[in-house]
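Asker: Here is a sequence with its predicted model. Questions after.
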Amino acid sequence: MSSLPEEVILEILSRLPVKPLLRFRCVSKPWLARIDSQEFIKLHLKQSLKTNTNRSLLLIDCYLYSSDFDSLDRAIELDHPLKTPQCGTEILGSCNGLLCLYNRAEDAVLWNPSTRKYKKLPVSMMEVPQDVRLLRSVTYGFGYDEKSDDYKVVRLVQFFADDNDLWESEVKVYSLKNDSCNRVQDCPYYLYDSVSSGTLASGALHWLVNPKVISDRTNLILAFDLAVEEYRLVPPPDFYDKNSSMDVRVLGGCLTIFCHRYRHRLDVWVMKEYGVKDSWMKLFSVTQPETISSFDFVIPVAYSKSGGEVLLGKDVKKLVWYDLNKKRVRNVRIQGAPDMFDLDICWGSLVSLGGNGEGNAKKTSRREEEKQEE
């Protein structure tokens with residue numbers, strides 16, 4: 001391979017999974033430098049995103065489980081840095097192979113499951129402000145600021161004020177690049193869903209909001225731009241159904257709206273060109289009993305590698321593939337999956353967390369490694 005041009009070597013290596021690349025780092029110092037270079041790390045990630053490869057499905061209950069997205073045959077419990085029997089762990093966000101993890105002990109880390117490196121977040125990012133005001137909600141978001149090549153965690157706290165129709169907020173942003181956090185402009189809108197983490201799409205975090213506490217408008221989409229750290233509204237699709245509930249997510253990298261009618265119907269709208277109102281299109285609908293015989297609610301998770309199917313989570317305990325052309329579903333059964341679970345996607349990547357305060361998660365057992373390689 002030494003006779004090949006460097007750009008050809010990098011192109012070949014960029015198509016490999018992370019595990020063999022980590023082994024190749026031990027071949028020689030030049031190979032170590034090549035694979036650890038920011039140029040190659042970004043090339044490898046770009047190739048994975050372009051080809052829909054190196055993906056894992058995350059199943060979350062009190063513990064975290066991972067299943068190879070291409071096979072979805074078995075789930076392996078992850079031995080992450082916050083794992084403890086005393087309290088469960090939440091995923092606050094997933095971006096470019098990094099996970100933002102949080103547990104009820106008020107610990108939070110950024111973690112790369114592929115390299116097993118992690119970075120603990122400052123306590124000030126997770127501490128709830130001690131205030132006489134009535135705490136209403138604490139929500140987070142995690143994403144990548146391409147402009148400054150930085151990963152950022154956002155914490156948004158909202159309080160009720162004396163008047164029931166007023167609220168106050170406190171917003172902080174942690175920068176991985178600077179390893180510091182700072183307070184930014186307060187959120188000008190009231191969070192419609194105080195539980196959901198911010199949805200990352202096109203360099204911004206998104207939440208459904210209202211202009212005030214008591215409001216009949218629940219279809220406003222608020223974006224927090226990670227590059228300029230400012231807020232803006234994203235135009236929603238032209239539909240309104242007072243009998244449905246909305247949720248803002250991401251599908252195939254596009255901002256997506258799920259419109260649920262409990263135990264009856266799910267409509268999925270995708271914004272093909274970010275920020276352009278006319279680019280909203282209804283991707284598909286799932287109905288009961290025509291598409292699925294029985295469900296309370298379903299959640300689209302990700303496209304298949306070919307793009308012809310969408311993986312759906314059903315009632316927090318089942319998975320099905322939905323065929324976009326045939327408009328039919330087929331069941332998915334993952335060996336070792338928990339009985340009930342939330343879902344997320346993680347890309348296999350070499351993205352580094354920097355040298356300042358970075359640590360290694362517990363070593364995976366030989367048995368776990370053998371299962372992952374099978």
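Answerer: Right, received. Where do you want to start?
Asker: mind listing the helices for the chain?
Answerer: 6-13, 18-24, 29-36, 38-51, 123-126, 366-373 (DSSP state H).
Asker: Which residue comes closest to residue 327 once chain neighbours are left out?
Answerer: residue 291 (6.7 Å; CB to CB, 6 or more residues apart in numbering). No exception for glycine: its C-beta is placed from N, CA and C like everyone else's.
Asker: Over to residue 252?
Answerer: In space, residue 252 is closest to residue 303, 5.1 Å off (CB to CB, 6+ apart).
Asker: what ranges of this structure fall below the confidence cut-off?
Answerer: Judged by pLDDT under 70, the chain has its weakly predicted residues at 1-2, 105-106, 129-133, 135, 161-166, 194-195, 213-218, 240-242, 355-374.
Asker: re earlier: mind giving me CSV with the helices of the chain and columns for distance to residue 151 and mean neighbour count?
Answerer: Putting these into CSV (distance: least, CB to CB, whole Å; neighbours: other CB atoms under 10 Å) gives the following:
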stretch, distance to residue 151, mean neighbour count
helix 6-13, 23, 13
helix 18-24, 18, 15
helix 29-36, 18, 14
helix 38-51, 13, 16
helix 123-126, 13, 14
helix 366-373, 25, 11
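Asker: Now render those as a markdown table, adding distance to residue 205.
Answerer: A markdown table is the format used below for those (distance: least, CB to CB, whole Å):
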| stretch | distance to residue 205 |
| --- | --- |
| helix 6-13 | 32 |
| helix 18-24 | 26 |
| helix 29-36 | 29 |
| helix 38-51 | 19 |
| helix 123-126 | 15 |
| helix 366-373 | 31 |
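Asker: Tell me which of those helices sits nearest to residue 152.
Answerer: helix 123-126 (10.8 Å; CB to CB).
Asker: now the strands for the stretch 151-300 of the chain?
Answerer: 167-175, 180-184, 190-191, 199-201, 204-210, 220-225, 230-234, 245-251, 254-261, 265-271, 280-287, 298-303 (DSSP state E, counting those that start in this stretch).
Asker: Within its sheet, name the partner strands of the shortest one and how each one runs.
Answerer: Think strand 190-191. Using DSSP bridges, strand 190-191 pairs in its sheet with strand 204-210 (antiparallel).
Asker: between the strand it pairs with and strand 254-261, how many degrees?
Answerer: 30 degrees (axes from the mean of the first three to the mean of the last three CA atoms, to 10 degrees).
Asker: Dump the strands of the stretch 151-300 of the chain into a markdown table; add mean neighbour count and distance to residue 20 as well.
Answerer: Below are the strands of the stretch 151-300 of the chain laid out as a markdown table (neighbours: other CB atoms under 10 Å; distance: least, CB to CB, whole Å):
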| stretch | mean neighbour count | distance to residue 20 |
| --- | --- | --- |
| strand 167-175 | 19 | 32 |
| strand 180-184 | 13 | 36 |
| strand 190-191 | 22 | 43 |
| strand 199-201 | 21 | 28 |
| strand 204-210 | 22 | 34 |
| strand 220-225 | 21 | 37 |
| strand 230-234 | 15 | 40 |
| strand 245-251 | 19 | 29 |
| strand 254-261 | 20 | 31 |
| strand 265-271 | 22 | 35 |
| strand 280-287 | 16 | 35 |
| strand 298-303 | 20 | 24 |
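Asker: okay if I get these as CSV plus distance to residue 127?
Answerer: Shown next, in CSV, are these (distance: least, CB to CB, whole Å):
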stretch, distance to residue 127
strand 167-175, 10
strand 180-184, 11
strand 190-191, 20
strand 199-201, 24
strand 204-210, 21
strand 220-225, 21
strand 230-234, 23
strand 245-251, 27
strand 254-261, 31
strand 265-271, 35
strand 280-287, 39
strand 298-303, 31
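Asker: Nearest approach to residue 15 belongs to which of those?
Answerer: Of all the strands of the stretch 151-300 of the chain, strand 298-303 comes closest under CB to CB, at 19.6 Å.
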